[in-house]
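A.B. asks: quick one, structure for this:
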Amino acid sequence: MLELRNEKIAIPVVLLAGLLWSFGPLVVRYMNEPNLVPWQYLCTRGLTIFCILNIYLFFEEGKNFYKNYLNIGLSGFIGGIGLGIAMITFIWSITNTSAAITLLCLAAMPFITALLGFLFLREKVSLNVWISILIAAIGIIIMATGKTGERSLFGLLFGLISATGFSVFSVSLRWRKETPKFTTVAIAGVFCALVSAIVILNNDGNFLSSSHNQGLFATHGTLVCLGLILYSIGSKAIPAAELTLLSLTEVIGGIFWVWLPILGINEVPTNSTIIGGFLIFMSITYYSLIIKTNRRFIALN
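C.D. replies: A predicted model of the protein is given here:
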């Protein structure tokens, strides 16, 4: 695998990965009634992720790339299921509330990961991290109180479940570091596709949506994979603290694209979302500063 050891080069590469991911909410907003075809979306997106990652692994590791699946272990299986659940609940979140709410819930992942690591891996959580978690929690509560509609609260809840699923994936990687990460993501894609297929068959539905939607479903899966590959290339040269801040590219970009009037969505965040989001950003900045001296690397490979 191509590796960047120069941090000055790796940072723009990771930023580009976050930028690609940030277009995800915009792609969803361009879909025709995505709330009516969530399972078709998940099926196509899951299969796209599975196919692209396996093609990438084939070119990286040769014809024996399949052996990664033999080394997946319990941690990889749990991580794949957690990531699959995160992918499923993401679409339910973003189709029931604003993109800003969904993305800001996902921004709280470092703190949910810290809590899960504390509960299941017995990782120590310092007082400063607890303070960061409290600030982020207050921000989420403010966003929740500002969204009085039932569907909006439903979307926020699924946003938090999605963030928890991503955190389960992160904790699974720390549980057994030799777990092949890309293979775990590929398993998540298969999980999404299988669950979607079961639901579609049970409801006598169609596997395909319109050609317009199908193209966007595949586009979103491609953006996810390309971002993952770039992230994996650059992340080995960047410590965890910097990666935490760089990950905000996805959140800030995602909110900006759906707001930018020229792109045709013009989704303006509410005051409560702005205030709550500001607190979440402050908590992430504070969290990154207090672990600045930690040169731990969390590369995805």
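A.B. asks: every contact and neighbour count from this point should use C-alpha atoms.
C.D. replies: Will do.
A.B. asks: quick one: low-confidence parts of the chain?
C.D. replies: Under the criterion of pLDDT under 70, the regions of the chain flagged as low confidence span 1-7, 147-150, 235-245, 291-301.
A.B. asks: what about the strands in the stretch 201-301 of the chain?
C.D. replies: Applying DSSP state E, counting those that start in this stretch to the stretch 201-301 of the chain gives no strands.
A.B. asks: hey, where'd the helices end up in it?
C.D. replies: When secondary structure is read from DSSP state H, counting those that start in this stretch, the stretch 201-301 of the chain shows helices at 211-235, 240-246, 248-259, 271-290.
A.B. asks: same list (the ones you listed) but as a markdown table, adding distance to I142.
C.D. replies: Conversion of the helices of the stretch 201-301 of the chain to a markdown table gives the following (distance: least, C-alpha to C-alpha, whole Å):
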| stretch | distance to I142 |
| --- | --- |
| helix 211-235 | 30 |
| helix 240-246 | 22 |
| helix 248-259 | 18 |
| helix 271-290 | 5 |
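A.B. asks: tell me which of those helices lies nearest to L160.
C.D. replies: With respect to L160, and counting by C-alpha to C-alpha, the nearest of the helices of the stretch 201-301 of the chain is helix 271-290 at 13.3 Å.
A.B. asks: by contact count, what packs against the closest one?
C.D. replies: Using 3 or more C-alpha pairs under 8 Å, 6 or more residues apart in numbering; DSSP states H and E as the contact criterion, the neighbours of helix 271-290 among helices and strands are helix 99-107, helix 127-146, helix 240-246.
A.B. asks: buried stuff in stretch 267-275?
C.D. replies: Applying a neighbour-count criterion of 16 or more other C-alpha atoms under 10 Å, one finds E267, V268, P269, S272, T273, I274, I275 buried in stretch 267-275.
A.B. asks: I meant to write stretch 53-60 there.
C.D. replies: Buried residues in stretch 53-60, counted by 16+ other C-alpha under 10 Å: L53, N54, Y56, L57.
A.B. asks: between the residues you listed, which is nearest S210?
C.D. replies: For S210, the nearest member of the buried residues of stretch 53-60 is L53. The distance, counting by C-alpha to C-alpha, is 25.1 Å.
A.B. asks: tell me the SS of the closest one?
C.D. replies: Three states are possible here, and by DSSP: H, G, I helix; E, B strand; the rest coil the one that applies to L53 is helix.
A.B. asks: tell me the most buried of the helices and strands packed on helix 271-290?
C.D. replies: Stretch with highest mean neighbour count among these: helix 99-107 (a mean of 28; mean count of other C-alpha atoms under 10 Å).
A.B. asks: just list what it packs against, helices and strands only.
C.D. replies: Using 3+ C-alpha pairs under 8 Å, 6+ apart, the elements in contact with helix 99-107 are helix 73-94, helix 150-175, helix 248-259, helix 271-290.
A.B. asks: repeat the analysis, applying 10 Å as the threshold.
C.D. replies: Helix 99-107 makes packing contacts with helix 24-30, helix 73-94, helix 127-146, helix 150-175, helix 248-259, helix 271-290 when contacts are defined by 3 or more C-alpha pairs under 10 Å, 6 or more residues apart in numbering; DSSP states H and E.
A.B. asks: out of those, nearest to I187?
C.D. replies: Distance to I187, taken as C-alpha to C-alpha, is lowest for helix 73-94 among the helices and strands packed on helix 99-107, at 5.4 Å.
A.B. asks: what sits against the spatially closest residue to I265 that is not a sequence neighbour?
C.D. replies: Closest residue in space to I265, ignoring its immediate chain neighbours: V258 at 5.4 Å, by C-alpha to C-alpha, 6 or more residues apart in numbering. The neighbours of V258, taking C-alpha atoms under 10 Å, 6 or more residues apart in numbering as the test, are 22-30, 98-100, 264-269.
A.B. asks: alright, calling it a day.
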